[in-house]
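1. pasting the sequence and the predicted model now:
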Amino acid sequence: LKDYVGLLKIGNYDSNEIYFKLLDIFKILKIKLPYKKTVIIKPNIISQNTPKQCTTTHPNVIDAVCRLLRDNDCSILITESSAFYQGGYTQKGFKTAGIIDAVKKYDAKIVPIEKDGVKFYSNKNNKVLDGILLTKRLDEADYIINLPKLKTHAFFKLSCAVKNLYGLIPGGVKQEYHFIKSQSQDVFGEKLCDIYQTVKPDLNILDGIWGLEGFGPSAAGKPKKTGIIAVSTNSFALDYIICKIIGYDPNEIASNSSGIKRGFLKPENIVIKGDYTKPPEIFYKKPKYEEAKDIPKEKTMLNNFILKPVIKTKKCNKCMLCEQGCPLNAITITDDAKIISHDLCLSCYYCFYNCPVNAIYLKASFINLFIRAFRRVFRI
Ligand code: SF4
Ligand code: SF4
């Protein structure tokens, strides 16, 4: 069985051109979009960045994909949980990334995961993450389209199709999951494979018209014109070919090597179609990389970025919504106590977004507040 990767040469973000080139490559790769179904689109949004910063999936790529889906009378749901600690609420990120305006005409639902609700998903083949807290919308999806952005990544080296699925985990749970078993890249690669086999996206379309090189995945990296859109039904095949294009040895990326070991990909089965017959060489500057050490969570920088919900007891009207909605049973509301157990809480932020009287706030560390202020001033 072959794994096809379509490579399209596209010089700019003309949504009409992207639409017609995608139509062509779907024919070549024999990809059929569903008809009259519910489709989840997972873009890449980080913080409150804008399209010019090249950290987020460009709105015109999303526009072209929504147009293709509307041709087939599909209902479209665009869902994401942005890297929260970097100063962005997902809803604001959807706005600054230009996605809300781009998809208005398609009547697409925009769904920030932490606001919407989550549940645990299990997969007996998972190796590290037993149950994974993900958007509950996966239950509604007939078809999932993964729309990553091409970026180098200071911790994981590459942010592409497989890594993009990590954003289906809500809020600060993303940070919490880094501490499960080990903080090493190899284990993180296994976690990504667990998420992949739980979510199983049907299609991946990578926005690499402009990518991000250097100290990604946030705006500390540098935009890089690359002129590529890549399409594949296999997230690992797509990542493998992107590594070849930007000058990484594909086996250096932990999710690739774990994915190959688990049988998600046989590199010898990859076939390239479209505007190229082999990967073009458009080398990216790589971030300086140091393997994460397994130091206690309390002593890591990452721990500073996990916000914890706290109840303002005087404001709380004991409606019980937060207690009933918490997936970790971390909240106790009684006449005598209104408590969130931070030992149990995984920071999904559902309670914060859904308290009807704003009686819950998110407590941030001093370092977190400082970084947010810094990012706001320097717009990164
Ligand atoms: S949702 Fe808000 S008002 Fe309702 S019990 Fe929880 S903290 Fe109190
Ligand atoms: S306490 Fe709130 S933030 Fe923590 S897990 Fe429960 S709903 Fe999520």
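-> Done, it's in. Residues are numbered from 1 along each chain as shown. Ligands and ions are numbered 1, 2, ... in the order given.
2. nearest residue to F179 in space, please, no chain neighbours.
-> K297 (4.8 Å; CB to CB, 6 or more residues apart in numbering). Yep, even glycine has a C-beta here, placed from its N, CA and C like the rest.
3. pLDDT at that neighbour, what is it?
-> pLDDT recorded at K297 is 85.
4. what does F366 give?
-> 80.
5. same question for N251.
-> 96.
6. what about it, how many residues nearby?
-> Using other CB atoms under 10 Å, N251 is surrounded by 12 other residues.
7. I figured it hits S257, correct?
-> Yes - counting by CB atoms under 8 Å, S257 is a contact partner of N251 at 5.3 Å.
8. helix or strand for the closest residue to ligand 2 within the stretch 101-250 of the chain, which one?
-> Of all residues in the stretch 101-250 of the chain, the one sitting closest to ligand 2 is G171 (7.1 Å; CB to the nearest ligand atom). Under the criterion DSSP states H and E, no helix or strand holds G171.
9. distance of it from Y349?
-> Applying CB to CB, to the nearest Å, the value for G171 to Y349 is 4 Å.
10. contacting residues for T135?
-> T79, S81, V111, I113, D116, G117, V118, L168, P170 (CB atoms under 8 Å, 6 or more residues apart in numbering).
11. okay if I get the residues you listed as CSV plus neighbour count, secondary structure and distance to ligand 1?
-> Below are these laid out as CSV (neighbours: other CB atoms under 10 Å; DSSP: H, G, I helix; E, B strand; the rest coil; distance: CB to the nearest ligand atom, whole Å):
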residue, neighbour count, secondary structure, distance to ligand 1
T79, 24, strand, 23
S81, 29, coil, 20
V111, 20, strand, 20
I113, 27, helix, 19
D116, 20, helix, 16
G117, 17, coil, 14
V118, 26, strand, 16
L168, 27, helix, 25
P170, 28, coil, 17
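12. switch these over to CSV; also include pLDDT.
-> Below are those laid out as CSV (pLDDT from 0 to 100):
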residue, pLDDT
T79, 97
S81, 94
V111, 94
I113, 94
D116, 91
G117, 89
V118, 94
L168, 97
P170, 94
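13. and the end-to-end length of stretch 68-80?
-> 20 Å (CA to CA, to the nearest Å).
14. which residues are in contact with it?
-> 19, 22-23, 26, 33-45, 62, 66, 90, 93-94, 99, 103, 106-113, 116, 135, 137, 140-141, 143, 167-168.
15. the residue nearest to F179 reaches I180, doesn't it?
-> No - assessed by CB under 8 Å, K297 is found out of contact with I180, at 10.2 Å.
16. spatially central residue for this protein, please.
-> Of all residues in the chain, the one closest to the mean position by CA atoms, centre = their mean is G167, 2.9 Å from it.
17. mind checking which of the contacts of stretch 68-80 are in strands?
-> Per DSSP state E, strands hold the following members of those: T38, V39, I40, I41, K42, K109, I110, V111, P112, T135, Y143.
18. which pair in those residues spans the largest distance?
-> Pairwise distances across these peak at 20.8 Å for P112 and Y143 (criterion: CB to CB).
19. close to ligand 1: what parts of the stretch 1-150 of the chain are there?
-> Within the stretch 1-150 of the chain, no position lies close to ligand 1 (CB under 6 Å from any ligand atom).
20. below-threshold pLDDT in the stretch 1-150 of the chain: ranges please.
-> For the stretch 1-150 of the chain, the stretches with pLDDT under 70 are 84-88.
21. tell me where it has helices.
-> Along the stretch 1-150 of the chain, the stretches classed as helices by DSSP state H, counting those that start in this stretch are 15-29, 59-71, 90-96, 99-103, 113-116.
22. other SSEs contacting the shortest one?
-> So that's helix 113-116. The elements that helix 113-116 packs onto, with contact taken as 3 or more CB pairs under 8 Å, 6 or more residues apart in numbering; DSSP states H and E, are strand 75-80, helix 90-96, strand 131-135, helix 350-354.
23. so which of those comes closest to ligand 2?
-> Nearest to ligand 2, of those and by CB to the nearest ligand atom, is helix 350-354 at 3.3 Å.
24. gap between the strand or helix carrying N368 and the chain center?
-> With elements taken from DSSP H and E, the one containing N368 is helix 366-378. Its chain's C-alpha centre and that of helix 366-378 lie 22 Å apart, by CA atoms, centre = their mean, to the nearest Å.
25. re the thing from before, what about the residue nearest to F179, how many neighbours?
-> 14.
26. send me stretch 26-35 as PDB with only the CA atoms.
-> Extracted as PDB, the C-alpha positions of stretch 26-35 are listed here (Å, rounded to 0.1, in the frame of the first residue of the first chain):
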ATOM      1  CA  PHE A  26      -7.600  15.600  -4.700                       C
ATOM      2  CA  LYS A  27      -8.400  14.100  -8.100                       C
ATOM      3  CA  ILE A  28      -4.800  13.000  -8.600                       C
ATOM      4  CA  LEU A  29      -4.600  11.400  -5.100                       C
ATOM      5  CA  LYS A  30      -8.200  10.100  -5.400                       C
ATOM      6  CA  ILE A  31      -9.300  11.900  -2.200                       C
ATOM      7  CA  LYS A  32     -13.000  12.300  -1.900                       C
ATOM      8  CA  LEU A  33     -14.300  14.800   0.600                       C
ATOM      9  CA  PRO A  34     -17.500  13.700   2.400                       C
ATOM     10  CA  TYR A  35     -20.900  14.800   1.300                       C
END
